[in-house]
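[1] sharing a model that was predicted from the sequence below.
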Amino acid sequence: MNRLERVREEVDRILTCLLCDEDRRCGFVHLYGVSHAATELAYARGLDVELAAVAGMLHDLTNYTEGESSDHGLKSARLAERMLERLALFSPDEVATITHAIPATATRTRSTSRWMSSSRTPTYSSTGSTIHRCRHNPRTQNDAGR
């Protein structure tokens, strides 16, 4: 099993345990959707698609495990760091790249959307509209006006 599949297995296990059917369904749709979009964007820019896919998969996980909050990006980054260290599949630099990317996804501006912003790694950026369409959480009201 490759590393991305192992992370997906962990996320699936977490989401499957959720009591609310809607939370579970929206978690799968949103996290897999953003992971896919991150993969496509990284591929188009010649960046590490696997790390982008993992960051996308984990970026909002605490919205489903703990409920939405203004600091969900930081909370999800901490959860991701613990998970990735426990799985012991990624190097410390890869874990840092992934966890630095996660809080950046919480920025909701249309003009810039940063994926991986660490001094040690390239910046994964895109037009805001591309990420915006995919990162919309189906549990919340559509914020198409942004």
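    Great, that's in hand.

[2] alpha carbons only for contacts and neighbour counts from here, please
    Will do.

[3] which strands or helices does the host helix or strand of residue 94 pack on?
    Element membership for residue 94 (DSSP states H and E) is helix 92-104. Judged by 3 or more Cα pairs under 8 Å, 6 or more residues apart in numbering; DSSP states H and E, the packing partners of helix 92-104 are helix 49-58, helix 72-87, strand 113-114.

[4] TSV for those, including distance to residue 23, mean neighbour count and mean pLDDT?
    TSV is the format used below for the helices and strands packed on helix 92-104 (distance: least, Cα to Cα, whole Å; neighbours: other Cα atoms under 10 Å; pLDDT from 0 to 100):
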stretch	distance to residue 23	mean neighbour count	mean pLDDT
helix 49-58	15	25	95
helix 72-87	16	19	94
strand 113-114	25	21	38
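
[5] just put the ones you listed in a markdown table and tack on distance to residue 66.
    Formatted as a markdown table, these follow (distance: least, Cα to Cα, whole Å):
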| stretch | distance to residue 66 |
| --- | --- |
| helix 49-58 | 14 |
| helix 72-87 | 9 |
| strand 113-114 | 24 |
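
[6] residue 101: which of the ones you listed is closest?
    Of all those, helix 49-58 sits nearest to residue 101, with 6.4 Å by Cα to Cα.

[7] tell me where the longest helix sits in this structure.
    helix 21-44 (DSSP state H).

[8] with adjacent residues omitted, what lies nearest to residue 61?
    residue 76 (5.8 Å; Cα to Cα, 6 or more residues apart in numbering).

[9] ok, that neighbour to residue 42 distance?
    As for residue 76, its distance to residue 42 is 21 Å (criterion: Cα to Cα, to the nearest Å).

[10] follow-up on the earlier one: please name the residues that touch the residue nearest to residue 61.
    Applying Cα atoms under 8 Å, 6 or more residues apart in numbering, one finds that residue 76 lies in contact with 58-62, 102-103.

[11] next, the angle helix 72-87 makes with the helix holding residue 94.
    Interaxial angle, helix 92-104 versus helix 72-87 (axes from the mean of the first three to the mean of the last three Cα atoms, to 10 degrees): 160 degrees.

[12] now helix 92-104: buried residues?
    For helix 92-104, the neighbour count (16 or more other Cα atoms under 10 Å) marks 95-104 as buried.

[13] among the helices and strands packed on helix 92-104, which is nearest residue 6?
    helix 72-87 (8.3 Å).
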